[in-house]
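S.K.: Predicted coordinates and the sequence they were generated for:
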Amino acid sequence: MKISNETKVGTITALAITLLILGFNFLKGKTLFATSHTLFAKYTNVQGLANSNPVMINGLQVGTVYSITTDKNMKVILVNMNITKDVNIPLNSVAYIKPNPLGTTNIEIKLGDADKYIAKNDTIQTEASAGIFTEAMRRIDPIIDQVVNTIKSIDTVMQNISHVIDPNAKNNIQATLANLNKLSANLITSSASLQTLLNTETGSLSKSLNNVTAFTDNLMKNNDKITQMISNLDKTSGNLSKLDLEKTLTILNATINDLKSSIGKLNSTNGTAGLLLNDTKLYNNLTATANKVNLLIDDLKTNPKRYISFSVFGKKYKGAELTIPLPDTINAPYLKQK
């Protein structure tokens, strides 16, 4: 059987139309060979949502956007979603548009906790979604508020410090800063001096180290002499250790005891020396004798004729004798004897 050219052209045309319809529906997100149902959502702003954009639940694609329609007033935009996965969506679930500036805008369904589920070809609740920058600013706003509060607190603290610090304190702070400046300059000078001190060729420390090195060299050269001196000291200490120090200390201890005994006797009234040092009677007797001698001398000076008589010149003096010393004896006090 011979097929005519017209039949061939008609068959090819029918296949092309069928493939065109299938491809168009596939591009719109509607599959013909899989179980699917329609779900509607109403928005006031679709934020760049387009046909064939994915519908996501918990990060998994469960369908695509089939169509987006609206009226002339553009107040309500109806989105037709083709759900290709057999999933149960609770009645209190919410569908919101999730924009992505680096990718494709999609619809995200946030599942609720109701016991009943949305029927096919029904409308799901929607929620206005803020843009990505609005969401970022919403999260940043609390941080900005905290920063503002912190700045206000710092400003309050600075004002309190300004009130507390009087002009004298400010002057003291300025003087302290000036002193710190001087101190830093002195530290720079000191570091230069230290650098001069540490100079390996001309520094004082280098010279001191050279002197120490010379001293240690001399010690090394005289090591034998030092060893001999130490040996002699060792022998001397050995000879000292051989001395009978115990016997010497015993004799010294006996001498100290005898000296203590002698001092004890001197402090007591026993014996001649003790009586001479401790008995006041001898002192009183000597004082009385001295007084009498002084009185006698004064009487001799006053009445010499009482003691020396020459008959050639006259009679013997019979005046009254002195009973108290003369007042010119200043350095010889008299004790009145009882």
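M.R.: Alright, I've got the coordinates. In this text, all values refer to a predicted model and were calculated from it rather than measured experimentally.

S.K.: all helices for the stretch 51-200 of the chain, in order.
M.R.: Using DSSP state H, counting those that start in this stretch, the helices assigned to the stretch 51-200 of the chain run over residues 132-164, 167-197.

S.K.: N232: which of these is closest?
M.R.: Closest to N232 of the helices of the stretch 51-200 of the chain is helix 167-197 (CB to CB; 41.4 Å). Just so you know, the C-beta spots here come from the backbone N, C-alpha and C atoms, and that holds for glycine as well.

S.K.: tell me the mean pLDDT for the closest one?
M.R.: Average pLDDT, helix 167-197: 79.

S.K.: any chance of the helices of the stretch 51-200 of the chain in CSV, plus mean neighbour count?
M.R.: Below are the helices of the stretch 51-200 of the chain laid out as CSV (neighbours: other CB atoms under 10 Å):
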stretch, mean neighbour count
helix 132-164, 10
helix 167-197, 10
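
S.K.: Output these as a markdown table; include the columns distance to D217.
M.R.: Below are those laid out as a markdown table (distance: least, CB to CB, whole Å):
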| stretch | distance to D217 |
| --- | --- |
| helix 132-164 | 64 |
| helix 167-197 | 23 |
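
S.K.: For K281, which of those is the nearest?
M.R.: With distances scored as CB to CB, the stretch of the helices of the stretch 51-200 of the chain nearest to K281 is helix 167-197 (80.0 Å).

S.K.: How is this protein partitioned into domains?
M.R.: The chain breaks down by automatic domain parsing into domains covering 34-129, 198-243.

S.K.: okay, these, which one's buried deepest?
M.R.: domain 34-129 (a mean of 15; mean count of other CB atoms under 10 Å).

S.K.: For that domain, the averaged confidence score.
M.R.: The average pLDDT within domain 34-129 is 89.

S.K.: So T69 versus F40, what's the distance?
M.R.: Here the criterion is CB to CB, to the nearest Å. By it, T69 lies 10 Å from F40.

S.K.: Now do the shared contacts for these two.
M.R.: Residues touching both T69 and F40 (CB atoms under 8 Å, 6 or more residues apart in numbering): 78, 80.

S.K.: if we can go back for a sec, which one of the domains of the chain lies closest to L259?
M.R.: For L259, the closest of those is domain 198-243, at 23.8 Å, according to CB to CB.

S.K.: how far is the closest one from where the chain is centred?
M.R.: 46 Å (CA atoms, centre = their mean, to the nearest Å).

S.K.: Likewise for stretch 42-55?
M.R.: In terms of CA atoms, centre = their mean, the centre of stretch 42-55 is found 60 Å from the chain centre.

S.K.: for stretch 35-49, same thing?
M.R.: Taking CA atoms, centre = their mean, one finds the center of stretch 35-49 at 63 Å from the center of the full chain.

S.K.: re the thing from before, want to throw the domains of the chain into a markdown table with distance to S261?
M.R.: Formatted as a markdown table, the domains of the chain follow (distance: least, CB to CB, whole Å):
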| stretch | distance to S261 |
| --- | --- |
| domain 34-129 | 116 |
| domain 198-243 | 28 |
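
S.K.: quick one, which of those is nearest to A14?
M.R.: Closest among the domains of the chain, using CB to CB: domain 34-129, at 23.6 Å.
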